[in-house]
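> Predicted model and sequence below, questions to follow.
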Amino acid sequence: MRNTDSAAVAASSAPATRFSAVHDGKVLRVTIANPKRKNAVDYDTMVALGDTFVAAAADRSVRVIVLTGDGGDFCTGADLSATVREAQRGITPDMTMDAANRLVKSIVDCPVPVIARVKGATAGVGVAIALAADLVYASEDAYLLLAFINIGLMPDGGAAAMIAAAAGRPLAAEMALLGERLPAPAAKQVGLFTAVLPSDELDAKVEAAAAKIATGPRRALELTKQALNQATLTSLDTALSAEKSGQTELLTSPDFLEGATAMLTKRKPVFED
């Protein structure tokens, strides 16, 4: 896999994707790059990110992948500002869910370890993208937020299943049903983050982990990752299927229209009785 950027990745389609992928020796560095929207991802970006992880899985020169967001945030989920133009292009909720699920699965199924470098906000499907990684290193200012319920939706990308696998059903329910932030120290305490570090120490920790994995035995790393996933993520496919069905329904509901409009206009939503 050669060095790429968002312009190159998007060359085959008119819409611009917002990420970069740089092959640095044995390390592939993937950066979600939409900082003005706190690295929210649209349909095209999710598809292209999925393509990148699928390609990396087949590239023997890639030994480890570092996934992060540009600027002060990791990823705040789906870019609601892109919803109208995506609908005008014929992109359906079903297609959006397929793109999100494929991206998460491509990270989980990638044979080489994936390290998530997390700063600031990680929300919506961004939570699933981060937790799909094998190692999650976060800065002290980071937080997780399943805000779906606040706009009339449900968690997707397998986030609830991954949270429940690591931290248990009660915390997954609290995050999904209340839609409140989980600060980085609390996320580390319950096993969702590998480590939490001061911002000025985060990069050194990520680089040290990436360097060690890059020189490790590839096949042993691959089989270890497979065994860990088989032991802990047995319900992921079932969750993704259920979420696709439920979220596709909710994305066309009056409550979502109200929730999204309220969020974009910065007011409190008023849902149907």
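Alright, I've got the coordinates. Numbers count the residues shown, from 1 in each chain.

> So what's the residue count around the closest residue to A40 other than its chain neighbours?
If the residues on either side of it in the chain are set aside, A40 comes closest to D79, at 3.7 Å by CB to CB, 6 or more residues apart in numbering. No exception for glycine: its C-beta is placed from N, CA and C like everyone else's. Residues contacting D79 under the criterion other CB atoms under 10 Å number 21.

> cool, A55 as well?
15.

> name the element it belongs to?
helix 43-57 (DSSP states H and E).

> CA atoms only for that helix - export them in CSV, please.
Output of helix 43-57 as CSV, limited to C-alpha atoms (Å, rounded to 0.1, in the frame of the first residue of the first chain):
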residue,chain,number,x,y,z
TYR,A,43,-20.9,8.1,3.7
ASP,A,44,-18.0,8.4,1.3
THR,A,45,-15.5,8.7,4.0
MET,A,46,-16.8,5.6,5.7
VAL,A,47,-16.6,3.6,2.5
ALA,A,48,-13.1,4.8,1.7
LEU,A,49,-11.9,4.1,5.2
GLY,A,50,-13.3,0.6,4.9
ASP,A,51,-11.5,0.2,1.6
THR,A,52,-8.3,1.2,3.3
PHE,A,53,-8.5,-1.3,6.0
VAL,A,54,-9.5,-4.1,3.6
ALA,A,55,-6.5,-3.2,1.4
ALA,A,56,-4.2,-3.1,4.4
ALA,A,57,-5.3,-6.6,5.4
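
> and the host helix or strand of K212, what's its mean pLDDT?
Element membership of K212, judged by DSSP H and E, is helix 199-214. Taken as a whole, helix 199-214 carries a mean pLDDT of 98.

> tell me how far it is from the chain's mean position?
Relative to its parent chain, helix 199-214 has a centroid offset of 20 Å by CA atoms, centre = their mean, to the nearest Å.

> Would you mark the buried spots in that helix?
Of the residues in helix 199-214, L202, D203, K205, V206, A209, A210, I213, A214 count as buried by neighbour count, 16 or more other CB atoms under 10 Å.

> State the three-state secondary structure for the residue nearest the centre of the chain.
When CA atoms, centre = their mean is applied to the chain, the residue found nearest the centroid is I129 (1.8 Å). Using DSSP: H, G, I helix; E, B strand; the rest coil, the structure places I129 in helix.

> List the residues that contact it.
With contacts defined as CB atoms under 8 Å, 6 or more residues apart in numbering, I129 is in contact with L67, F74, C75, L103, V104, I107, A116, G157.

> ok, back up a step: isn't the residue nearest to A40 right next to R37, touching?
Yes: with contact defined as CB atoms under 8 Å, D79 counts as touching R37 (5.6 Å).

> State the number of residues packed around the residue lying closest to M46 once chain neighbours are set aside.
Excluding the flanking residues, the one nearest M46 by CB to CB, 6+ apart is A99, at 4.2 Å. Using other CB under 10 Å, A99 has 23 neighbouring residues.

> Same check on D237?
So D237, with other CB under 10 Å, has 14 neighbours.

> which secondary structure element contains it?
helix 236-250.

> I'd like to know which elements that helix is packed against.
Judged by 3 or more CB pairs under 8 Å, 6 or more residues apart in numbering; DSSP states H and E, the packing partners of helix 236-250 are helix 93-109, helix 159-167.

> Many thanks, I have nothing further to ask.
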